[in-house]
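K.L.:
Let me see the structure of the following:
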Amino acid sequence: MATSSAASGARRRLPTNVSYGSWELIWSHVHQVLVVNTGVAAGCLPLLAALAATHQPWRHPVPFTVLWMCVGPALAGAFGYLERAADEGADTAHAVELPRAYRRLFRRAAALWVPYALLAAVSGTDAVLLRNTAIGPAVCPALALVAALSALSGVHAMALLAGEQEPGRLTPAAYLAAPYGVLRRWPLALTDAVLLLAAAALVVRSPLLGLATLPGCALYVVWRNVRGPRT
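P.N.:
Residues are numbered from 1 along each chain as shown. The predicted structure follows:
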């Protein structure tokens, strides 16, 4: 009986492997990922619905290019939510901050996203359509690279926009900042591209599973890479 009581007391005194603060930190990151996933899915709902209807969007370049424009403001809203969570000094923020950031950044995000999105859509469509032609082997790699760099620059531009402390007018420098950052910090940009491609591939292949997991994780890493250390 005494042995049993001693063993029970020892079990009660055994320390846990993860402290309360660690569990709180883990939950805060899970909360952020879920909020970002939900916000991006809601903002890109027209595009996701169209992708569910066809697995060959390059056969319908005009409507999908138009739908592609909704991605920019959705990303800006997600990055704005992450910025607010960081500025509050805590690892989590109310979910309502994401739609607030979406509304606040919508016009500027749309104007900043359009040139990157158009260049990515046109280059990507041309690469797919020309791949089996005589000039395909010569031009398709370059077109695919332009499409990838344009899309990645657009994502970085949304993160930079969300991080502005005092938003002003969009100047030519605002459109060049993202491509310059991508080329200057190409190792981080390459990591971002791999994560975003993996997330996009999973969403296209399995929308429910993809939207529930990877987008928020990938966008959080992209945001941290673009944001960098701040004081």
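
K.L.:
May I have the residues that are in contact with C217?
P.N.:
Residues near C217 by C-beta atoms under 8 Å, 6 or more residues apart in numbering: V33, L195, A199. Every C-beta, even on glycine, is put in place using the N, C-alpha and C of the backbone.

K.L.:
possible to save those as CSV with pLDDT, distance to L67 and secondary structure?
P.N.:
Below are the contacts of C217 laid out as CSV (pLDDT from 0 to 100; distance: C-beta to C-beta, whole Å; DSSP: H, G, I helix; E, B strand; the rest coil):
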residue, pLDDT, distance to L67, secondary structure
V33, 86, 24, helix
L195, 93, 23, helix
A199, 88, 18, helix
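
K.L.:
So which of these is surrounded by the most neighbours?
P.N.:
If you count neighbours using other C-beta atoms under 10 Å, the busiest of these is A199, which has 21 neighbours.

K.L.:
how close does G228 sit to G181?
P.N.:
Between G228 and G181 the distance is 10 Å, computed by C-beta to C-beta, to the nearest Å.

K.L.:
neighbour count winner among those two?
P.N.:
Using other C-beta under 10 Å, the more surrounded residue of G228 and G181 is G181, with 21 against 10.

K.L.:
wait, doesn't the more buried one sit right on V155?
P.N.:
No - using C-beta atoms under 8 Å, G181 makes no contact with V155, being 11.1 Å away.

K.L.:
Could you list the low-pLDDT ranges of this structure?
P.N.:
Applying pLDDT under 70 to the chain flags residues 1-25, 88-93, 166-168, 229-231.

K.L.:
Tell me where it has helices.
P.N.:
For the chain, the helices defined by DSSP state H occupy 2-13, 20-43, 45-53, 61-68, 71-87, 97-129, 136-162, 172-184, 186-205, 207-227.

K.L.:
Name the stretch among the ones you listed that sits most buried.
P.N.:
helix 71-87 (a mean of 24; mean count of other C-beta atoms under 10 Å).

K.L.:
which secondary structure elements does it contact?
P.N.:
When contacts are defined as 3 or more C-beta pairs under 8 Å, 6 or more residues apart in numbering; DSSP states H and E, helix 71-87 sits against helix 20-43, helix 97-129, helix 136-162, helix 207-227.

K.L.:
quick one, the second one and helix 20-43 angle?
P.N.:
Following axes from the mean of the first three to the mean of the last three C-alpha atoms, to 10 degrees, one obtains 60 degrees for the angle between helix 97-129 and helix 20-43.

K.L.:
Check which helices and strands helix 97-129 is in contact with.
P.N.:
helix 20-43, helix 61-68, helix 71-87, helix 136-162, helix 172-184.

K.L.:
now do the first one
P.N.:
In terms of contact count using 3+ C-beta pairs under 8 Å, 6+ apart, helix 20-43 is assigned the packing partners helix 71-87, helix 97-129, helix 207-227.

K.L.:
Let's see the first one as CSV, backbone CA atoms only.
P.N.:
Backbone C-alpha positions of helix 71-87 (Å, rounded to 0.1, in the frame of the first residue of the first chain) are rendered in CSV as follows:
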residue,chain,number,x,y,z
VAL,A,71,-5.4,36.6,-54.7
GLY,A,72,-3.5,39.7,-54.0
PRO,A,73,-5.9,41.4,-51.6
ALA,A,74,-6.4,38.1,-49.9
LEU,A,75,-2.7,37.7,-49.3
ALA,A,76,-2.4,41.3,-48.1
GLY,A,77,-5.1,40.7,-45.6
ALA,A,78,-3.4,37.6,-44.3
PHE,A,79,-0.1,39.4,-44.0
GLY,A,80,-1.8,42.3,-42.3
TYR,A,81,-3.2,40.0,-39.7
LEU,A,82,0.2,38.5,-39.0
GLU,A,83,1.7,42.0,-38.7
ARG,A,84,-1.0,43.0,-36.2
ALA,A,85,-0.3,39.8,-34.2
ALA,A,86,3.4,40.7,-34.1
ASP,A,87,2.7,44.4,-33.2
